[in-house]
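sequence and predicted structure are below.
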Amino acid sequence: MSDILDKIVNLFKWPVAVLALWTLPSFFQSLQYFRFGSVYFVALVGGFFVYFVGSMSMDSGSKTSMQIIAHELTHSFFALLTLHPVKHVRVADDNSGGSMGFVGNGNWLITIAPYFFPLFCFIYMLGVSIYLRVMPMNWMLSVFLGYLTGYHIDTVLSQIHEKQTDLKKVGYPFCAMFLPGANFWILGSLLAFNARGWSGFMLYQNLVWKLSFDNTKHLLDMLSSL
């Protein structure tokens, strides 16, 4: 079953890259719809800076180890998501890198996942969904999400470089097309979730699609008028 799923996922590799590139301008257009003066956004930014201030005083070895663990766990999450049992997750003793193994051949999504998907933010979102069933929203939750968002961004930026074998495996042209749009889509989705939970998340997806289609229509109108 995993082999069939791999073939389906691999079939959509380049269409997804084109889609990410197509929706990239929508992220910047969507910013005007966010209420950046709300207490939840201010708290989010506060948590974001708390992470970076704290990371400056953190032991470099511990920080690197945490980033490697997040990296390998994200590989593992997408391996399980595409029906590949995980055999091991390891971090080198000298923090020079890590590895994970799974059953089967795998697919591009497993390989590229740590470079755009915020696993800990996703776990937070699931946890908050349960919490909000019994307790009201408060600004401390936004601080925590801001902290995790800072951690995710720092981890991604530290691991995107020319020596990264994962990027070479999926191809640099693909990375150039996919990663900017995918990362900005994630950031916009996190902002939307912070503002209005899962309903905000869904509204944001609809907004991105609408803006992208409007951009395409405007482009076609300009070309037809030439």
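Right, received. Where do you want to start?

I'd assumed residue 166 was in contact with residue 111.
Yes: if you go by CB atoms under 8 Å, residue 111 and residue 166 touch, sitting 5.1 Å apart. Placement of C-beta: from N, CA and C, glycine included.

just confirm residue 215 is within a helix.
Yes: assessed by DSSP: H, G, I helix; E, B strand; the rest coil, residue 215 belongs to a helix.

find the nearest non-adjacent residue to it, please.
Spatial nearest neighbour of residue 215, excluding adjacent residues (CB to CB, 6 or more residues apart in numbering): residue 25 at 5.9 Å.

so what secondary structure elements neighbour the helix or strand containing the one you found?
Here residue 25 sits within helix 13-30, counting by DSSP states H and E. On a contact count with 3 or more CB pairs under 8 Å, 6 or more residues apart in numbering; DSSP states H and E, helix 13-30 meets helix 172-224.

okay, the angle between the helix it packs on and helix 13-30?
Inter-element angle recorded for helix 172-224 and helix 13-30: 60 degrees (by axes from the mean of the first three to the mean of the last three CA atoms, to 10 degrees).

please shift the residue numbers so they start at 8 in all later answers.
All set: I'll call the first residue 8, so the last point we hit is now helix 179-231.

and the average pLDDT for helix 179-231 is what?
Mean per-residue pLDDT for helix 179-231: 95.

try stretch 42-54
Per-residue scores along stretch 42-54 average to 92.

then stretch 118-129?
Mean per-residue pLDDT for stretch 118-129: 96.

span of that stretch from start to end?
18 Å (CA to CA, to the nearest Å).

then stretch 114-125?
End-to-end distance for stretch 114-125: 19 Å, by CA to CA.

what does it rub up against?
For stretch 114-125, contacts defined as CB atoms under 8 Å, 6 or more residues apart in numbering pick out 12-13, 16-17, 20, 77-79, 81-82, 84-86, 89, 91, 109, 155-156, 159, 162-163, 166-167, 173-174, 176-177, 181-182, 185-186, 189-190, 193, 197.

in helices, which of these fall?
12-13, 16-17, 20, 77-79, 81-82, 84-86, 155-156, 159, 162-163, 166, 173-174, 176-177, 181-182, 185-186, 189-190, 193, 197 (DSSP state H).

could I have the buried ones of these as PyMOL selection syntax?
The buried subset of the ones in helices among the contacts of stretch 114-125, as determined by 16 or more other CB atoms under 10 Å, is captured in PyMOL by this line:
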select buried, resi 12+13+16+20+77+78+79+81+82+84+85+86+155+156+159+162+163+166+173+174+177+181+182+185+186+189+190+193+197
